[in-house]
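Participant: predicted model follows, preceded by the sequence.
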Amino acid sequence: TIVPDAHAVAECAADRIADAIRSSAARGRPAVLGVATGSSPLGTYAALAARVRAGELDVSGVAAFALDEYVGLDPHHPESYHSVIRRTVTEPLGLDPERVHVPDGAAADLEVACADYERMIEEAGGVDLQLLGIGANGHIGFNEPTSSFASRTRVKTLAPQTRADNARFFDAPDRVPVHCVTQGLGTILDARRLLLVAQGEGKADAVARMVEGPLASVCPASALQLHRRADVVIDRAAASQL
Ligand code: GLP
């Protein structure tokens, strides 16, 4: 879906998420959302929060699972994804913090933490709708190029480009963590619906490779081509290379 600008991307994505929340509630089982960090979904979260505040959307009982977290950052660090999700999703939408989950990048045993996270998603009944952004190198979550399409939640090394892209959030480029924990492409593909949002020319190449390029692990987002219900909502600038 190509819309004129970032505002329209946010409203369109918020419509789809609100529909998913309402249809799960109508079936008597509050929705399980997959949520992403990064700047791309911020407008969508703001649009959803406005609807909750206006009393148009009831999010009681809604659960959320984040895609990823840095390894070695204190969860209270302002740039940890625990903090980012609390600031941009949990608090503005008024979700129950007990129902919002982020992978544990500070665990003593990361392998166990990854397996626990997979089990928690499964026990919640799986993700109804997974919201995604896309990295300039085609990553989703922190599944960097060459990630296996069958991968599950695991530790990954961040690509140099991703560390450079995210350096703006840290005091100095070398403060960006080197490793992360991320849901795998296989984990993401298990969600019943995928909704990827992207804005701006900087994403145009990655969007074109995701949508029109070959299915290839060098573009992890091309995995969306395998999903039966994947929506891509982008503005004209992000669509400029299609
Ligand atoms: C990070 C996140 C991704 C996100 C990507 C793009 O690396 N782990 O989930 O999609 O950045 O970020 P932005 O939306 O700020 O361009």
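Facilitator: Sure thing, it's come through.
Participant: and the closest residue to Cys12 other than its chain neighbours, which of the three is it?
Facilitator: Of all residues not flanking Cys12 in the chain, Val233 sits nearest, at 5.0 Å (Cβ to Cβ, 6 or more residues apart in numbering). Every C-beta, even on glycine, is put in place using the N, C-alpha and C of the backbone. Of the three states, Val233 takes strand according to DSSP: H, G, I helix; E, B strand; the rest coil.
Participant: please name the bridge partners of Val233.
Facilitator: Applying DSSP bridges to Val233 yields these beta-bridge partners: Val197.
Participant: that one and Ala108, how far apart?
Facilitator: 39 Å (Cβ to Cβ, to the nearest Å).
Participant: between those two, who's got more neighbours?
Facilitator: Comparing Val233 with Ala108 by neighbour count (other Cβ atoms under 10 Å), the higher total belongs to Val233, at 22 against 7.
Participant: show me which residues of this protein are close to the ligand?
Facilitator: 36-40, 67-68, 133-135, 141-142, 162, 166 (Cβ under 6 Å from any ligand atom).
Participant: what is the burial count for Val127?
Facilitator: Neighbour tally, Val127, other Cβ under 10 Å: 24.
Participant: what's it sitting at in phi/psi?
Facilitator: Per-residue torsions, Val127: phi -90, psi 130 (degrees, to the nearest 10).
Participant: in contact with it, which residues?
Facilitator: Val32, Leu33, Gly34, Phe65, Ile121, Asp190, Ala191, Arg192 (Cβ atoms under 8 Å, 6 or more residues apart in numbering).
Participant: again with Ala36
Facilitator: Ala66, Leu67, Gln130, Leu131, Leu132, Gly133, Gly141.
Participant: pLDDT score for the fourth one?
Facilitator: Put plainly, it is Leu131. For Leu131, the pLDDT comes out at 98.
Participant: tell me which element it is part of?
Facilitator: According to DSSP states H and E, Leu131 maps onto strand 129-132.
Participant: outside of the next helix or strand after that strand itself, list whatever touches it.
Facilitator: Sequence-wise, the next helix or strand downstream of strand 129-132 (DSSP H and E) is strand 154-157. Residues outside strand 154-157 that contact it (Cβ under 8 Å, 6+ apart): 71, 110-111, 114, 142-144, 147, 178-182, 184.
Participant: skip ahead from strand 154-157 and say which helix or strand is next.
Facilitator: helix 160-166.
Participant: name the residues that touch that following helix?
Facilitator: Gly135, Ala136, Asn137, His139, Phe142, Glu144, Leu158, Pro173, Val176, Val178.
Participant: what residues of it count as buried?
Facilitator: By neighbour count with 16 or more other Cβ atoms under 10 Å, helix 160-166 contains the buried residues Thr162, Arg163, Asp165, Asn166.
Participant: out of the residues you listed, which is nearest to Asp58?
Facilitator: Nearest to Asp58 among those: Asn166, at 34.2 Å, using Cβ to Cβ.
Participant: from Phe142, how far out is that closest one?
Facilitator: For Asn166, the distance to Phe142 equals 10 Å [Cβ to Cβ].
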